[in-house]
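> Need a 3D model of the sequence below.
(chains A and B)
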Amino acid sequence: AQKITQTQPGMFVQEKEAVTLDCTYDTSDPSYGLFWYKQPSSGEMIFLIYQGSYDQQNATEGRYSLNFQKARKSANLVISASQLGDSAMYFCAMREGLSGGSNYKLTFGKGTLLTVNP
Amino acid sequence: AAGVIQSPRHLIKEKRETATLKCYPIPRHDTVYWYQQGPGQDPQFLISFYEKMQSDKGSIPDRFSAQQFSDYHSELNMSSLELGDSALYFCASSMGLLKNIQYFGAGTRLSVL
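Have a look, this model is predicted:
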């Protein structure tokens, strides 16, 4: 079974509008971390935002916020006031085993290609 | 701020040749991860090192090996290259065990002809 599911292969948004990128996850580990990365067409992988499973509040980083619904196992990324430079592939990722284990690898979803229209 | 440095950025090899990819983590980061991203795919974890010891291993072929050196830089050695090894190879680094956000380098794009 997929550990990270991103159901939107592609999304379109008008400049200056907000957009939500969906991510659901599957884990039985009580301690885990959720990440969002941005990959522009140039290829680099840019860290955007992090949410720990025990964090009480939703994470925010500038125009990025993470809508964390633990019971639904969802961690949607919200980008406010979209800019043309936000056009990129967005990956949701999870790291399990934060409870002192050695399993620090990230498992990625398939990604969502966001296009911001002027 | 210093980022993860990967070299070379681009590499072209023939089948059955060898390749060495280098990664220099962010200063004071003690953990290095390697990922492989095929065309149109999501990144797949290969291997990681914490304090110069292998900490986790993913779907890394036996033809590949890696190590982390005393200065914390890491090298991924790839032998008997195959066409299917053509991909973007990322190195990421993190510090410590708590909230260890992995910061990625710009990647090495390997083309096997």
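
> Flag the shaky bits of the chain, pLDDT-wise.
Went with chain A since none was named. Applying pLDDT under 70 to chain A picks out residues A:1, A:98-103.

> Wait, chain B was what I had in mind.
B:96-99.

> what about residue 9, how many residues close to it?
Chain wasn't specified; assuming chain A. Neighbours of A:P9 under the rule other C-beta atoms under 10 Å in any protein chain shown: 9. Heads up, the C-betas are built off the backbone N, CA and C, glycines and all.

> try chain B instead
B:R9 has 11 neighbours, counted by other C-beta under 10 Å.

> Please list all residues in contact with it.
B:106-109 (C-beta atoms under 8 Å, 6 or more residues apart in numbering or on different chains).

> So which of those reach chain A?
Restricting the contacts of B:R9 to those within reach of chain A (C-beta under 8 Å from any C-beta of the partner chain) leaves B:106-107, B:109.

> In strands, which of those residues fall?
B:R109 (DSSP state E).

> Could you dump the ones next to chain A among the contacts of B:R9 into JSON lines and include distance to A:N58?
Output for these, formatted as JSON lines (distance: C-beta to C-beta, whole Å):
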{"residue": "B:A106", "distance to A:N58": "30"}
{"residue": "B:G107", "distance to A:N58": "30"}
{"residue": "B:R109", "distance to A:N58": "35"}
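
> Now rank the ones next to chain A among the contacts of B:R9 by neighbours and give me the top one.
B:G107 (24 neighbours).

> check contacts around it.
A:43-45, B:6, B:9, B:37, B:88-90.

> Compare those and tell me which has the most neighbours.
Neighbour max across the contacts of B:G107 (other C-beta under 10 Å) = B:F90, 27 neighbours.

> How about the residues of chain A by chain B?
So chain A meets chain B at A:33, A:35, A:37, A:43-47, A:50, A:52, A:91, A:95, A:98, A:100, A:102-111 (C-beta under 8 Å from any C-beta).

> Just the buried subset of these, please.
A:33, A:35, A:37, A:44-45, A:47, A:50, A:52, A:91, A:95, A:98, A:104-111 (16 or more other C-beta atoms under 10 Å in any protein chain shown).

> For B:Q54, state which of the ones next to chain A among the contacts of B:R9 is nearest.
B:G107 (21.7 Å; C-beta to C-beta).

> So which of the contacts of B:G107 belong to strands?
The members of the contacts of B:G107 that map onto strands under DSSP E are B:6, B:37, B:88-90.

> farthest-separated two in those residues?
Put simply, by C-beta to C-beta the two of the ones in strands among the contacts of B:G107 set farthest apart are B:Q6 and B:Q37, 12.8 Å from each other.

> what does chain B have sitting close to chain A?
Residues of chain B lying near chain A (C-beta under 8 Å from any C-beta): B:31, B:33, B:35, B:42-45, B:48, B:50, B:55-56, B:58, B:88, B:90, B:92, B:94, B:97-107, B:109.
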